[in-house]
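# Mind looking at a prediction? Sequence and model below.
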Amino acid sequence: MALDNPAFSRNPAFSQQGAVAAAQDVSAQQLQEMYDRPTTLPDTEVMTVENTISKTVASFGVLLVGAAAGFALTPTMPWVFWVGAIVGFVLALVNIFKREPSPALILAYAAAQGLFIGGISLIYETQYSGIIAQAVIGTLAVFGVTLALFASGKVRASKKATKVFLIAMVGYLVFSLVNMILMWTGVNSDPWGLRGVEIMGIPLGLVIGVLVILMAAYSLVLDFDAIQQGVRNRAPKKYGWSGAFGIMVTVIWLYLEILRFIAIARD
């Protein structure tokens, strides 16, 4: 189900078919050791919702520390913002394509993204006073409501909804790429690019923003569903870090989209 988030989609531990973590190339001795082990892991060694939550909290703690550093350093060292963005992107790819989760790399990703989040938040705050608090409250509200609806069973991922979501994601990525090219080439001089185009007096960015925030919320549903599947599969405890990484990727995306949505609304 979690086809949107590569942190989950590339890992059999979170698939409905996989009852164990991703298969690895092993030597004959390792294969014999695996054969001699019990068929199931002890309860203390399997992934649970509780240990996934603890890893998620730790990851967001590092993210917040990085964000505070980025917010404080960006005025005097603007390059810190760009370093965080580039390093965060590279580490995201490394964590996505790595066979097994690495706590150190995931926490390093959180720290780098924190620098980026702190820097870009400062840029927005300089132009729109109070926008950081508004974006944080909005992000927490969307996350909390989505989690509550998922926990109550009122919202669940479905194949049909996921297909629609994937089509919308591809469309949004194409739109963002075209918008970026038009802005870089000077074809569109509006600070928001195509998002600044008004339709019946309403900026296109607000319409798209609502849809993208809903997409991010559904992405959270897919993330929760993948974690739940990993727990059912009795995946090894270490895959709780994959769950934390996946949630962090989606929440960062959600925060940035809400930040931009509020900025366009206030502009």
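Nice, I can see it. Numbers count the residues shown, from 1 in each chain.

# Now do the contacts for the spatially closest residue to Q113 that is not a sequence neighbour.
Among residues not flanking Q113 along the chain, G88 sits closest, at 4.2 Å (Cβ to Cβ, 6 or more residues apart in numbering). In short, each C-beta sits where N, CA and C put it, glycine included. Going by Cβ atoms under 8 Å, 6 or more residues apart in numbering, G88 touches Y109, A112, Q113, L115, F116.

# again, only using 6 Å
Shown here is G88, whose contacts under the criterion Cβ atoms under 6 Å, 6 or more residues apart in numbering are A112, Q113, F116.

# which among those residues end up buried?
A112, Q113, F116 (16 or more other Cβ atoms under 10 Å).

# so the residue nearest to Q113 sits in a strand?
No - read with DSSP: H, G, I helix; E, B strand; the rest coil, G88 is helix and lies in no strand.

# Please, which helix or strand holds the residue lying closest to Q127 once chain neighbours are set aside?
Closest residue to Q127 apart from its sequence neighbours, by Cβ to Cβ, 6+ apart: A263 at 7.2 Å. Using DSSP states H and E, A263 maps to helix 240-266.

# Which neighbouring elements make contact with that helix?
helix 6-9, helix 49-73, helix 103-127, helix 131-152, helix 204-232 (3 or more Cβ pairs under 6 Å, 6 or more residues apart in numbering; DSSP states H and E).

# sorry, back to before: check the residue nearest to Q113 and give its pLDDT.
With respect to pLDDT, G88 scores 95.

# quick one on the thing from earlier: from the contacts of G88, pick the one nearest K159.
When these are ranked by distance to K159 (Cβ to Cβ), Q113 comes first, at 31.0 Å.

# how close does V94 get to W241?
Distance, V94 to W241, by Cβ to Cβ, to the nearest Å: 13 Å.

# Mind checking what secondary structure R99 has?
Classification of R99 using three-state DSSP returns coil.

# circling back to that earlier point, show me which of the contacts of G88 is closest to N179.
Looking across the contacts of G88 and measuring by Cβ to Cβ, the closest to N179 is F116, at 20.1 Å.
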